[in-house]
Structures are given as C-alpha cells and as structure tokens.
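J.: here is a sequence together with a model predicted from it:
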Amino acid sequence: MLIDVVIPAFNEANAIGKVIAEIPDIVRNIIVVNNNSNDDTRKVSLAAGAIVLDEPQKGYGKACLKGLAYLDELEQSPDIVVFLDADYSDYPREMLTIVEPIIQKNADMVIGSRAKGSRENGSMTLPQIFGNWLATKLMYKLFDADFSDLGPFRAIRWDKLKALKMQDEDYGWTIEMQIKAVKKGLTYTEVPVNYRRRIGVSKVSGTIKGVFGAGYKILWTIWKYR
C-alpha cells in the first residue's frame, strides 16, 4: 500500500528534522505543511527530504487541509494517509503499529492512543488529560463512539478520508474526523502509542488562550455534529 504522511508544522525548526529522520521507509511522501512559521521550519524540512507546502493562514486543520489538497492532485493517490505532529512528542517509528490494522485487518481508521500507551511525565498537561477524557466520554454518550483519546498520530484510508469531507480549520480537526468516521460507519480501532515531552513550547497547551480555545472548539464540534 502507498502511504503518505502529512505533518502540520508551526515554528518547529528544532524538532521537525528529528521527526522526519525517524519516519519508517514504508512511506512514499513526507509532506510538511509550513503553517506560517517565522523560523527555519521550511529549510530544515527540505534538508531532511520532505515535500514542503506553505500555508500562510494559521490553523492545525487549515494545514491538514492544505496537505490533503496536495494529495488530491497527485497522479497516483495514496492508499493510506498518516497524520503526525512536528514537535517530536510522538515516536515516528510507531507508525508501523498504527498502519498495521489497516493493512492486515482491513480497518478504515486507526487512532494512536496516548491514554493506552506510556506517557512521559509532563508530556501532557492536566487540562489536556481532562479534555481528552471529557471529549471521549461525550462522544461515547452521543455517538456510541469507542475512543480513549483524540490523539493526532493517526492513519486513515485515503478514500474514506475524502468521503468525510473534512472542514475544520483549527482545533476541531481531530475530533471532527472521529465523529464523522463513526457516523459514516467506518471501521476503526485504537493502538497504544508512547508520548514524550515535546521540543519547545506547545502553541495549545503551553498558553491559557490555547487551552481554552482548543477546549471550546472541541466541545463546539461535538455539539455541531450531535
């Protein structure tokens, strides 16, 4: 199967090279979406061998959508798309574990669950842990969705992803995908992934504005699709 990776990146020059270097060689294209960075994210990504797209409008979902638009124009579409953060908090080599249920067991989508894996102390803040717990409980109650995490490290079949018609341009991207996948009857599973302290300061959990902004958008997205 052809596997392409999309990595949204905003000011991750100190981390993105390490992320790219540890991505398994089963991947065809590594696509870094430079999301209005003012550091050397673009330069480091290119030097590490990635395809770099520029998305000047900030937003995690906006960057992901930019990556999908690029994939949609390829002569040969991927079979699987993997999403991965640029901050080196995930372990890129665990991508083999994440795509395995799709390749071997015919799953449509796989979420890397930090809740089921091993987390380094301080890798997730208390608001993050609580927010993930609350969001997954609400998804179970409203959609009968069996998730333990909104983990950004995930894989999904390209044709299924296109059918979801993703729209969110910022913090609601991950939960929008999971809710829509359940509502459309996609087969999904979770695999445990390990998680470590990111390189640099988080743009979400590292600020009060980011924490409240992400929390509000996640809850709003749940309400929107109820």
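T.: Happy to help now that I have it. Numbers count the residues shown, from 1 in each chain.
J.: need the helices for the protein, in chain order.
T.: Ranges of helices within the chain are 16-21, 41-47, 60-72, 95-105, 126-143, 158-164, 173-183, 208-224, based on DSSP state H.
J.: can you pull up the most central residue in this protein?
T.: Centroid-nearest residue in the chain, with Cα atoms, centre = their mean: Pro152, separated by 3.0 Å.
J.: any weak-confidence spans in the protein?
T.: Within the chain, the segments meeting pLDDT under 70 span 203-211.
J.: at 50 what do you get?
T.: Within the chain, the stretches with pLDDT under 50 are 206.
J.: hmm, what's the outermost residue in it?
T.: Residue farthest from the centre of the chain, counting by Cα atoms, centre = their mean, is Glu75 at 24.2 Å.
J.: still on that earlier bit, the residue nearest to the centre of the chain against Phe83, yeah?
T.: Yes - using Cβ atoms under 8 Å, Pro152 is in contact with Phe83, at 6.0 Å. Where C-beta positions appear, they are placed from N, C-alpha and C, glycine not excepted.
J.: Asp25: how many residues sit nearby?
T.: Using other Cβ atoms under 10 Å, Asp25 has 5 neighbouring residues.
J.: now Met1. Nearest residue, chain neighbours left out?
T.: Leaving aside its sequence neighbours, Met1 sits nearest to Asp79 (Cβ to Cβ, 6 or more residues apart in numbering; 3.9 Å).
J.: isn't that neighbour up against Lys160?
T.: No - using Cβ under 8 Å, Asp79 is not in contact with Lys160, being 10.5 Å away.
J.: neighbour count winner among these two?
T.: Between Asp79 and Lys160, Lys160 has the larger neighbour count (other Cβ under 10 Å), namely 20 against 16.
J.: give me the spatial nearest neighbour of the more buried one, chain neighbours excluded.
T.: Nearest non-adjacent residue to Lys160 (Cβ to Cβ, 6+ apart): Asp108, at 4.7 Å.
J.: mind listing what the one you found touches?
T.: Shown in contact with Asp108 (Cβ atoms under 8 Å, 6 or more residues apart in numbering): Ile102, Ile156, Arg157, Lys160, Ala181, Leu186, Thr187, Tyr188.
J.: touching, the fifth one and Ala163? I think so.
T.: No - contact criterion Cβ under 8 Å: Ala181 and Ala163 do not qualify, at 9.6 Å.
J.: okay, the two: which has more neighbours?
T.: Between Ala181 and Ala163, counted using other Cβ under 10 Å, the more crowded position is Ala181 (23 against 14).
J.: got the contact list for that one?
T.: Applying Cβ under 8 Å, 6+ apart, the residues near Ala181 are Asp108, Met109, Ile156, Lys160, Leu164, Tyr188.
J.: got the end-to-end distance for stretch 180-196?
T.: 29 Å (Cα to Cα, to the nearest Å).
J.: now that stretch: buried residues?
T.: By 16 or more other Cβ atoms under 10 Å, the buried positions in stretch 180-196 come out as Lys180, Ala181, Val182, Leu186, Tyr188, Glu190, Val191, Val193, Tyr195, Arg196.
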